[in-house]
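Asker: Fold the following for me, if possible:
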Amino acid sequence: MLTKLLITNTDRHFSFRPFFIALIVLANSLYLSGQTAKPLKSSFEARLINIEAPSNEPFRYTTTLTNGSAQLVNYNLNAQLPDGWQISYRVEGSQVTSLQMQPNKVQEISIEISCPITAKPDKYKIPVRAISSQDTLQLDLEAVVKGSYALELTTPSGRLSDEVVSGSSKEILLKVKNTGTLPLNTLDLSSQLPSRWEATFNPTTIKQLEAGKSVDVKVNLKVPDKTIAGDYAAKFEIKSSNSNADISFRMIVKTSLLSGWIGMLVIVLAIGLVYYLIRKYGRR
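Answerer: Okay, here's the model as predicted:
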């Protein structure tokens, strides 16, 4: 009797275990199918809708377009821009104006907006639309123009040429002006010169230059000895993290007066020597 009871209990124990396992698997599969079957909603979104930049730099947005329908959709992209502004759309590095999207597809679109350098500091609202035959998805972007960065490098007189004697130095005065509407920090000066020429700047670095202000910079240009007379080009450049400018300066190298007289003396002596030799040996 006891053996029959144990066998009965054992059979009951093994008969319920597969049932519970099957029930758990079924519930889990139903949950997962419910999750994956959840339809996407068509949308046009951006990580950041408000971006601030100077007027001479583009506004870059990363957006996501979602086709939540169950059919293939063609979207045309357009935007309502202020006068003089420009916009471009890129998908996987290629510039586009429209795109075809598969059902339940999500596509990242990079948008770049540029404004004129003369744009006034302000917040500009830019509606961007993805238009299809089924619906129109709108994304409202904001571009905050905070001003502009711009540099000008010239001379106080506007003259971009000078003369220098071979083997000597020449001081050139440059004028650096901030023509933008924002201050510039840490402006470094440099030069590109003919071989063996040297240039030193005073100052070598401008720590800060406010909008509309200018600074004079002295350049000591040294020309090596025995430089052949002629025209030479020297390029001066100024750079900051936000803007840069450069000018080409024409240098006319002349030989020194002493060198000229020495040359003439050598020529006269050579002629005299030839004449002497002719007179002395020509009669023989």
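
Asker: State the distance from the residue minimising distance to the centre of the chain to Leu182.
Answerer: By Cα atoms, centre = their mean, the chain has its centre lying nearest to Glu57, at 8.1 Å. According to Cβ to Cβ, to the nearest Å, Glu57 and Leu182 sit 11 Å apart. No exception for glycine: its C-beta is placed from N, CA and C like everyone else's.

Asker: follow-up on the earlier one: ok now do the residue nearest to the centre of the chain, which residues does it touch?
Answerer: Applying Cβ atoms under 8 Å, 6 or more residues apart in numbering, one finds that Glu57 lies in contact with Tyr149.

Asker: what about it, is that helix, strand or coil?
Answerer: coil (DSSP: H, G, I helix; E, B strand; the rest coil).

Asker: okay, it: pLDDT?
Answerer: The per-residue pLDDT reported for Glu57 equals 92.

Asker: rewinding a little: what's the overlap in contacts for Glu57 and Leu182?
Answerer: Common contacts of Glu57 and Leu182 (Cβ under 8 Å, 6+ apart): Tyr149.

Asker: lowest confidence element among the helices and strands of this structure?
Answerer: Counting by mean pLDDT, DSSP states H and E, the weakest-scoring helix or strand in the chain turns out to be helix 2-36, with a mean of 53.

Asker: what's the neighbour count on the residue nearest to Ser168 when sequence neighbours are not counted?
Answerer: Distances taken as Cβ to Cβ, 6 or more residues apart in numbering place Val223 nearest to Ser168, at 6.3 Å, with adjacent residues excluded. Counted by other Cβ atoms under 10 Å, the residues lying close to Val223 total 22.

Asker: does Val223 really touch Leu193, like I thought?
Answerer: No - Val223 lies out of contact with Leu193 (Cβ atoms under 8 Å); the separation is 9.4 Å.

Asker: circling back to that earlier point, ok, then the element right after the least confident helix or strand of the chain?
Answerer: Heading C-terminal from helix 2-36, the first helix or strand you meet, by DSSP states H and E, is strand 43-46.

Asker: which residues sit against that next one?
Answerer: Defining contact as Cβ under 8 Å, 6+ apart, one finds that strand 43-46 is touched by 61-66, 68, 111, 128-130, 137-139, 141.

Asker: which strands and helices sit next to the helix or strand just after it?
Answerer: Using DSSP H and E, the helix or strand that follows strand 43-46 towards the C-terminus is strand 50-53. Contacts defined by 3 or more Cβ pairs under 8 Å, 6 or more residues apart in numbering; DSSP states H and E place strand 50-53 against strand 59-67, strand 136-145.

Asker: Tell me the buried residues in the last one?
Answerer: What it means is strand 136-145. Leu137, Leu139, Leu141, Ala143, Val145 (16 or more other Cβ atoms under 10 Å).

Asker: mean confidence for it?
Answerer: Per-residue pLDDT values across strand 136-145 average out to 97.

Asker: Alpha carbons only: can I get it in PDB?
Answerer: What follows is strand 136-145, C-alpha atoms only, in PDB (Å, rounded to 0.1, in the frame of the first residue of the first chain):
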ATOM      1  CA  THR A 136       3.600  66.100 -43.300                       C
ATOM      2  CA  LEU A 137       6.000  65.900 -40.400                       C
ATOM      3  CA  GLN A 138       7.400  69.200 -39.100                       C
ATOM      4  CA  LEU A 139      10.400  69.900 -37.000                       C
ATOM      5  CA  ASP A 140      10.900  73.400 -35.500                       C
ATOM      6  CA  LEU A 141      14.600  74.200 -35.200                       C
ATOM      7  CA  GLU A 142      16.100  77.300 -33.600                       C
ATOM      8  CA  ALA A 143      19.300  79.100 -34.700                       C
ATOM      9  CA  VAL A 144      20.700  81.600 -32.200                       C
ATOM     10  CA  VAL A 145      23.100  84.000 -34.000                       C
END
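
Asker: Partner strands of it and their direction?
Answerer: Strand pairing for strand 136-145, using DSSP bridges, gives strand 50-53 (parallel), strand 122-131 (antiparallel).

Asker: ok, now the first one?
Answerer: Looking at strand 59-67 with DSSP bridges, its partner strands are strand 43-46 (antiparallel), strand 105-114 (antiparallel).

Asker: May I see the buried residues of the longest one?
Answerer: What that stands for is strand 105-114. In strand 105-114, counting by 16+ other Cβ under 10 Å, buried: Lys105, Gln107, Ile109, Ile111, Ile113, Ser114.
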